[in-house]
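**Student:** heads up, no residue letters with this:
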């Protein structure tokens, strides 16, 4: 009860007492003075403590409940929702997918308040154009009324596809309106391609390391995955051709610009060569363009689709990083000859993507506000990117290897052999820093000494603080290891 | 150009000329005087015709384009969007799924203006609580700001799951918040269950006929489907047990209340017996509860999940019919022991369902506006249902067989042998009436003489008109057939 004694209610104030009480408790929750699953005092006790009527407390609790800040368990009282707190403080990192989310859910990773989260590739909510989007949602509802909530056609809202055709044209991609398929985010794009293409036992080729959400989508279809190591300018092409020759894969999945997790961009030559190899062996390419827009220092962020003269690239565009992940909206540009298969796969997956969101996004794009936002978000990310590069060069010990990307939000590191990423991860978490261990991104998890740092959700001062601290932690582990090694060396002769 | 001569612009009026022009053209589109893919006159010609400045025309066209009513083809002018017209007039029937949608897309079915659409099981947009929902969306955006657009946790927004727990409790279902999974509509529910459970060659048992979206979702996993004929009070249980014994299916998919397409409801005894059989042979049941709420004359619309004491029912709840299909929101109640598999399947499918929609729906439910809407929609549908029953009894010829349902929105008919549903479908379309041919709902399409009529999108006067006309068409076909038969009989002896 003690912590509630600080609550001050003012009976003179014009604001109702129950509103005052509701606000006080809400603040305590948001300030972390009350924690998830903590029980609120029973109504009667709280009323006594604050010398107010029970009804005041009941009403305050009801408001909190309506906002989802607390919930009732019948017969046992009112409790703080733990999810709310996680929601408010913690961007879930979906790029590291189910595995990491499971860890989170199981409480193995406990992200704390004020944690510096290099693990999350989710943009921070302060970058979202919420007011503009609220405006277009309201315009759409006034204009379309109930039609905004009927089933949308599976292929997607026609005017949205028209405007996306223009959007792709501006990026050098020739697409027909009929070849554009709206999807509920890039993950669904990968999933329906897998559904349309893959039978049990089929081969798929991927980069190693790669996006775990794609690995999972292919595996759930029973596909056999062949991974090809990345070099500084893209896949090892000799190995790619050999593997294609030997296994006749159905699909090649790649991220040619600012690859996740490594940040690698393919050279123009490699892009061209990949197109030729896939043409020769008739392999469809999935190009996952999650981030080519954020090209800060790259001379060439062109997509494979823009040089695809054989119509063999299935192009996936996501707006999660450059707009808002919660939209759950993206699109595919699909080769003509396989268009129908993908439409059926989309239909059996979720019938259609939210019509309201499609209509709102169409209006948003057509008004051109989009360009202003993109300029803003590019500038914000670039500031973070530059700070990160500065910190890496300044703090990271020389025996940690990395290759600086020319854009994007991800940085990839290799620890020296004597430090395991598991040890680093644990030590960092103890210091309230989250990193994404590299083994999450490999098919076989024994790749123990890589890690990914993402700057998507961090402000520049957090990058500064976090990188300095992380470098200290690495040096500390190094030191410990050295001590341990020397002790082992001392001990060994005795044994 | 002729049709544009009727446009009257008033230079005295306070409203800008371009607004007046925009409104005139918009009306022509909505009134059907301009058709999809029709080209608007070039700017200069239109300006001459109406004696206005070119800029006026350009601005009017821009407004139309922003609304998606027209679109530009570079180098060839401005065209009316055909999708807009379809959108405004035609609810896409998703219950009849990809097949029918393909027909629509290919132009084989051309739904016209003022068509009486018994094929669509999509509720009409006039029943949607758009203003209330607009209100909660705005409240959520003001309250949560950017957080409404971050990734939501895959399992679903925690406060929404809390309130859905209460919702299910009110329907006799005991669910833990941890066993509720938010999905992007019922189709996704079926799809992720298929993904989590089925490997190539596994058996699934379904009713015959059944929802084609489910058939498609199972088939895309390479499942082998066994269909069990429906009787008036549910599946043939003897056959069910035999098939289960012989094939050890992974799943049984059923709709125990107001089944789609037949409207059949299971008797309490059959519900109980199915639970026992599935317990005995350890088969998971998928209960698709898309409509149990609309129980007008049924004494027992209880769900299987409410009598599931062995935790073997995966319960799917959709809000498409009783709320709005365009929400793309539903939920699963999942048995504890398989919960994690389904979470992973959801995550690989689309990561999470729109956070904004989840938050808005949570607020909508928590405010209790829900109950008012449900009462309204029940009353509206009941009026349509009663009118339909009246018309069936009054008009439908006696050699057409049917079994009246006690609730729901679907009615199922069997034509006499000498009339094919294909002939009926074609004749009805010529009279501007759409029906859903029965073969869409069977695994093997040679079930030629059933059809489904749905009243979801029709007003009572449309039901009246449509049923009267449909009965006449059936009688006409009967007559033609009789004539033809007698002619054949006359001819035969000569040959």
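**Tutor:** Structure received. On a predicted model such as this, the values are computed, not experimentally measured, just so you know. Numbering: from 1, shown residues only, chains lettered A, B, ... in the order given.

**Student:** and stretch A:457-474, what's buried?
**Tutor:** Within stretch A:457-474, the residues that qualify as buried are A:457-460, A:462-464, A:466-467, A:469-471, A:473-474, counting by 16 or more other Cβ atoms under 10 Å in any protein chain shown. Where C-beta positions appear, they are placed from N, C-alpha and C, glycine not excepted.

**Student:** with stretch A:52-67 instead?
**Tutor:** Neighbour-count burial for stretch A:52-67 flags A:52, A:56, A:57, A:59, A:60, A:61, A:62, A:63, A:64, A:65, A:66, A:67 (criterion: 16+ other Cβ under 10 Å).

**Student:** give me the subset of those residues touching chain B.
**Tutor:** Restricting those to those adjacent to chain B (criterion: Cβ under 8 Å from any Cβ of the partner chain) gives A:65, A:66, A:67.

**Student:** which of the residues you listed sits closest to chain B?
**Tutor:** Proximity of those to chain B, judged by Cβ to the nearest Cβ, is greatest for residue A:66, which lies at 4.8 Å.

**Student:** verify the contact between the closest one and residue B:362 for me.
**Tutor:** No - in this structure, residue A:66 sits apart from residue B:362 without contact. The criterion is Cβ atoms under 8 Å, and the distance is 9.2 Å.

**Student:** touching chain B at all, the helix or strand containing residue A:28?
**Tutor:** Using DSSP states H and E, the secondary-structure element containing residue A:28 is helix A:17-30. No - applying Cβ under 8 Å from any Cβ, one finds that helix A:17-30 is not in contact with chain B, the shortest distance being 11.0 Å.

**Student:** show me what that helix is in contact with.
**Tutor:** Contacts to helix A:17-30, defined as Cβ atoms under 8 Å, 6 or more residues apart in numbering or on different chains, come from residues A:3, A:7-11, A:13, A:34, A:40, A:50, A:52, A:55-57, A:59-60, A:63-64, A:67, A:69-70, A:80, A:84-85, A:88.

**Student:** apply 7 Å and report the result again.
**Tutor:** Counting by Cβ atoms under 7 Å, 6 or more residues apart in numbering or on different chains, helix A:17-30 makes contact with A:7, A:9-11, A:13, A:34, A:52, A:56-57, A:59-60, A:63-64, A:69, A:80, A:88, all of which sit outside it.

**Student:** so how far is that helix from its chain's centroid?
**Tutor:** With Cα atoms, centre = their mean, to the nearest Å as the basis, the distance from the averaged C-alpha position of helix A:17-30 to the chain average is 33 Å.

**Student:** what packs against the following helix or strand past that helix?
**Tutor:** Moving toward the C-terminus from helix A:17-30, the next helix or strand (DSSP H and E) is helix A:43-50. Helix A:43-50 is packed against helix A:54-66, with contacts defined by 3 or more Cβ pairs under 7 Å, 6 or more residues apart in numbering or on different chains; DSSP states H and E.

**Student:** mind listing the strands whichever helix or strand comes after the helix it packs on pairs with, and their directions?
**Tutor:** Downstream of helix A:54-66, the next assigned helix or strand under DSSP H and E is strand A:70-73. Strands flanking strand A:70-73 in the sheet, each with its direction: strand A:77-80 (antiparallel) (DSSP bridges).

**Student:** now, which of the buried residues of stretch A:52-67 sits nearest chain B?
**Tutor:** Checking the buried residues of stretch A:52-67 against chain B by Cβ to the nearest Cβ gives residue A:66 as the nearest, at 4.8 Å.
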